[in-house]
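Colleague: pasting the sequence and the predicted model now:
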Amino acid sequence: MISRRDLLAVSAAGAAMVSSSAQAATFGNPDEPPQGAMNAKSPGSLSDPGPQNPALAKQFPSAQTPPATDVGGLPMNWASFNNAPRRIQNGGWARQVTVEDFAISKEISGVNMRLSAGGIRELHWHQAAEWAIMTYGSCRITVLDVQGRPYVADLKAGDLWYFPSGAPHSLQGLGPDGCEFVICFDDGHANEFNTLLVTDWFAHTPPEALAKNFGVPAETFAKIPLHNLWIFQGTVPGDLAADRAAVAKHAEAPPYPFVYSLGSSAPVKESSAGSIRVADSTNFKVATTVAAALVTMPPGAVREMHWHPNADEWQYYIKGKARMTVFDTGPNARTTDFSAGDIGYVPRNLGHYVENVGDTDVQFVGVFRAPRYEEVSLSNWLAHTPPGLVAQHLNIDEKLIAQWPDTSPGVMPKS
């Protein structure tokens, strides 16, 4: 039997516990026990007297002292070309980040390549589709589609190309200083260091078979390379029109271009807070498996809270300093810092936002293994939900909810 006195004592203790736990959570930190530096009561709780690499640590302030709202343990969503080994040859170099290096990146692998003026990425093809964005200089590409229709074009910084799986192609740097670009394959395992190369096939085919295939004497192939060229130094290409005329012969032109000028295209979202440009199969017709969004934001601006329902997002940071927070079930939330040359990754449907935390513009490209670019805006969703319902969820006055953006702004200014 429990006496009335015992029952009152238990009730009082319970009330004290509720009061204590309610006070443990503070504005900006909903978790109990509280997360992060607010736990540190003694002077030694935040210090790190052990071995350190300050130059590396200062690049990741959000890892050293995460926001109090970070919780749980999401997989690492940061990688970088800055610490990827370069394979250097006469004519250029390349470095890559695949799923073997970046476990979360299952849908896309990335390559950063530099070609000197005249430098050639030899004739080859892939088992994955290849999408690329030019970040420096100018480049000439050649490609043949499955109907045997040739295409030759020159690209500048901000331009894209797309080669479907199995389409044979080449890349060559133009004057005065060649080019640099980032390639994305629609397969996280795709490896730029292990591709189907024309020199390898020639070297591993008997001369008699080559002679029959091309209808020329076997001696024609006496001096072919015995090892692949991959990247090698060539002469700077001549006039584009001359190359186009040389490859045309009796073939038709492909129905859609294999290149697209994303950097100079009209933004789908633009304001004083920044801009978003999109290339997918609706405007870049040939790109049937890869979509992309180029985001530019001034200091202090925020890429609004959103998610992508149809694909993971692979990000490449072109310039500036950014901070991204990703939200998942659990709850789990992780904040990570990014600089130029870094790679970010967000699995499909996970909420996220990106802040410009530097003093110059941030620019990054988000790449998706999907035919169309799709995005769901958090503010747009809530603004188109009955305000009374939202108010009951969040304890926010309906008049304030009515002020929330209802047009999916994409980027928001510094508050």
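Modeller: Nice, I can see it.
Colleague: residues of stretch 93-107 that come out buried?
Modeller: For stretch 93-107, burial by neighbour count (16 or more other C-beta atoms under 10 Å) applies to 93, 94, 95, 96, 97, 98, 99, 101, 102, 104, 105, 107. (C-beta placed from N, C-alpha, C; glycine too.)
Colleague: same question, stretch 141-159
Modeller: 141-145, 150-153, 155, 157-159.
Colleague: ok, stretch 397-415 next?
Modeller: Quick answer for stretch 397-415 (16+ other C-beta under 10 Å): 401, 408, 409, 410, 411, 412.
Colleague: now stretch 55-71
Modeller: 59, 62, 66, 67, 68, 69, 70, 71.
Colleague: hmm, which of these is lowest in pLDDT?
Modeller: The pLDDT minimum for those sits at residue 68, where the score is 86.
Colleague: grab the most central residue of the protein for me.
Modeller: residue 315 (1.7 Å; C-alpha atoms, centre = their mean).
Colleague: what's the nearest residue to it if we skip its chain neighbours?
Modeller: Distances taken as C-beta to C-beta, 6 or more residues apart in numbering place residue 344 nearest to residue 315, at 3.7 Å, with adjacent residues excluded.
Colleague: that neighbour in helix, strand or coil?
Modeller: With DSSP: H, G, I helix; E, B strand; the rest coil as the basis, residue 344 sits in strand.
Colleague: distance check, it against residue 233.
Modeller: The spacing between residue 344 and residue 233, counted by C-beta to C-beta, to the nearest Å, is 34 Å.
Colleague: and the two? Which one has more around it.
Modeller: residue 344 (24 against 16; other C-beta atoms under 10 Å).
Colleague: follow-up on the earlier one: could I get the buried residues of stretch 93-107 in a markdown table, plus columns for pLDDT, distance to residue 114 and secondary structure?
Modeller: A markdown table is the format used below for the buried residues of stretch 93-107 (pLDDT from 0 to 100; distance: C-beta to C-beta, whole Å; DSSP: H, G, I helix; E, B strand; the rest coil):
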| residue | pLDDT | distance to residue 114 | secondary structure |
| --- | --- | --- | --- |
| 93 | 98 | 5 | strand |
| 94 | 98 | 7 | strand |
| 95 | 98 | 9 | strand |
| 96 | 98 | 13 | strand |
| 97 | 98 | 16 | strand |
| 98 | 98 | 19 | coil |
| 99 | 98 | 23 | coil |
| 101 | 96 | 19 | coil |
| 102 | 98 | 21 | coil |
| 104 | 98 | 26 | coil |
| 105 | 98 | 22 | coil |
| 107 | 98 | 25 | coil |
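Colleague: between these, which is closest to residue 188?
Modeller: residue 99 (3.6 Å; C-beta to C-beta).
Colleague: in the longest strand that the chain contains, what's buried?
Modeller: In the chain, with assignment by DSSP state E, the single longest strand is strand 130-144. The neighbour-count check on strand 130-144 (16+ other C-beta under 10 Å) flags 130-135, 137-144 as buried.
Colleague: now the element after it, going C-ward?
Modeller: Counting by DSSP states H and E, the next helix or strand C-terminal to strand 130-144 is strand 150-156.
Colleague: show me what the helix or strand just after that next one is packed against.
Modeller: Using DSSP H and E, the helix or strand that directly follows strand 150-156 along the chain is strand 159-163. Here strand 159-163 touches strand 130-144, strand 259-261, going by 3 or more C-beta pairs under 8 Å, 6 or more residues apart in numbering; DSSP states H and E.
Colleague: sweet, I'm off.
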